[in-house]
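> sequence below, structure please.
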Amino acid sequence: MRFSASFAGLACFSCGTAHEPNRLQTVCTKCGLPIRVDYRLRSFEPSTRASLWRYDAALPVSADEAVTLSEGWTPLVEVDRGVLVKDEARNPTGSFKARGMTLAVTMAKALGAKALAAPSAGNAAGALAAYGAAARLPVTVAMPRDTPLPFVEECRHYGAEVHLVDGTIADAGKWLKANGPKDAFDVSTLKEPYRVEGKKTMAYELFEQLGELPDAIVYPTGGGTGLVGMWKAFAEMETLGWTRKKPRLVSVQAEGCAPVVKAFAEGAEVTQPWPDARTEAYGLRVPSPIGGFLCLRALRETRGTAVAIPEAEIAPAAADLARRSGIDACPEAGAAWAALSRLRSSGFLAPSELVVVFNTGTGLKYR
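Predicted structure coming up:
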């Protein structure tokens, strides 16, 4: 495998320890926290590919080596004046998880993985199953037992081995660690370096589609890979000389599982496990995000905030967004849409500001 000309190496997000790039890496061998991909970036023009691989000059490998299903380059839909929705439901398998999996699976295969595995609240499992099939690698996923059936059947449709586990995604991860195939490489959220690289392209796309970054981004947050990825992209675009603007990032969670919101409100530097996590916005039901400390850094560095939405408001907000836009909004997007009203009412977002709200996946799988 040949790394891209801009690829500079791997280092821990927390302690800075360097890691060998020519082998499969999980988390930092020194402190156990996520690993970051570093680059020697020079300004470039995106290619004409209608996918996130148009930015391969800022990715670890070129598009020619990608395991790809033409993910990314999703549309921005204007819903209200100054409010745009980035519709990630247009991705393969119907969610933003395709962005992370194209990078994770590409790199895992290139570095010698023979099988892949991950716990998931739903969408990540479907994306991994699809990209594993494209890479001709066997996939094992574990999901909470109450995950809606369409997510489960989607994984089986792509040939993945599916295990349903009592509890949350955290329990699914524990089950895989104890019972999963020993030869399978774990591509869990932020437990390998490359999913965040795919997610960061959401910010690159916003810049290219708008000609500048928006004033704020309202983002439903479970594991936080997308939030961390966009924050990383802001710094990269500044290095490239494209922009110095950093949108205020808003992390949106459900009141029944809000570890980032709680830690942000308390001024903490790390999140704590959320007891008895409950929400039917399953992508937000992540009680112990390994990248919680990075989410908090991203919010504070961009002068953002964190909002928890009551469960009773989530489904009606998703329906409202769908009826006003024609977007098939998922419950997680419903939480973000409900947060937008609160942020406007509180004055955190001014009427004159340009705001992007993320719809992270299709609502069809929840019905």
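> what are the ranges of the helices in the stretch 251-367 of the chain?
Using DSSP state H, counting those that start in this stretch, the helices of the stretch 251-367 of the chain run over 259-266, 292-301, 311-325, 331-346.
> can you tell me which helices and strands the longest one packs against?
Translated: helix 331-346. Under the contact definition 3 or more Cβ pairs under 8 Å, 6 or more residues apart in numbering; DSSP states H and E, helix 331-346 sits against strand 216-220, strand 248-254, strand 305-309, helix 311-325, strand 355-359. Every residue, glycine included, has its C-beta placed from N, CA and C.
> if we can go back for a sec, most tightly surrounded among the helices of the stretch 251-367 of the chain?
Of all the helices of the stretch 251-367 of the chain, helix 331-346 has the most neighbours on average by mean count of other Cβ atoms under 10 Å, namely a mean of 23.
> contact partners of that helix?
Helix 331-346 is touched from outside by 83, 85, 216, 218-220, 222, 250, 252-254, 280-284, 305, 307, 309, 313-321, 327, 329, 349, 351, 355, 357-361, 363, 366, with contacts defined as Cβ atoms under 8 Å, 6 or more residues apart in numbering.
> cutoff 6 Å now
218, 220, 252, 254, 281, 283-284, 307, 309, 313-314, 317-318, 321, 349, 357, 359-360 (Cβ atoms under 6 Å, 6 or more residues apart in numbering).
> swap in stretch 216-229?
Under Cβ under 6 Å, 6+ apart, the answer for stretch 216-229 is 100, 189-190, 195-196, 199-200, 247-253, 260, 283-284, 286, 289, 291, 294-295, 298, 332, 335-336, 339-340, 349, 355-358, 360.
> export it to PDB, keeping only CA atoms.
C-alpha atoms of stretch 216-229 as PDB (Å, rounded to 0.1, in the frame of the first residue of the first chain):
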ATOM      1  CA  ALA A 216     -22.700  27.300  13.300                       C
ATOM      2  CA  ILE A 217     -23.200  23.500  12.900                       C
ATOM      3  CA  VAL A 218     -25.900  21.700  14.900                       C
ATOM      4  CA  TYR A 219     -24.900  18.100  15.100                       C
ATOM      5  CA  PRO A 220     -26.600  15.000  16.700                       C
ATOM      6  CA  THR A 221     -23.800  13.300  18.800                       C
ATOM      7  CA  GLY A 222     -23.500   9.700  19.800                       C
ATOM      8  CA  GLY A 223     -19.900   8.500  19.600                       C
ATOM      9  CA  GLY A 224     -18.800  11.900  18.200                       C
ATOM     10  CA  THR A 225     -16.700  10.900  15.300                       C
ATOM     11  CA  GLY A 226     -18.300  13.400  13.000                       C
ATOM     12  CA  LEU A 227     -18.000  16.200  15.400                       C
ATOM     13  CA  VAL A 228     -14.300  15.400  16.000                       C
ATOM     14  CA  GLY A 229     -13.800  15.000  12.300                       C
END
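> average model confidence for that stretch?
Stretch 216-229 shows an average pLDDT of 97 in the prediction.
> pull the distance from the strand or helix carrying G198 to the chain's centre.
Here G198 sits within helix 195-199, counting by DSSP states H and E. A distance of 7 Å separates the centroid of the chain from that of helix 195-199, by Cα atoms, centre = their mean, to the nearest Å.
> who does K86 bridge with?
Beta-bridge partners of K86, counted by DSSP bridges, are L76, F358.
> neighbours of it, how many?
By other Cβ atoms under 10 Å, the residues close to K86 number 23.
> so it sits against T360, correct?
No - K86 is not in contact with T360 according to Cβ atoms under 6 Å; the separation is 8.9 Å.
> who touches both of the two?
Joint contacts of K86 and T360 (Cβ under 6 Å, 6+ apart) do not exist.
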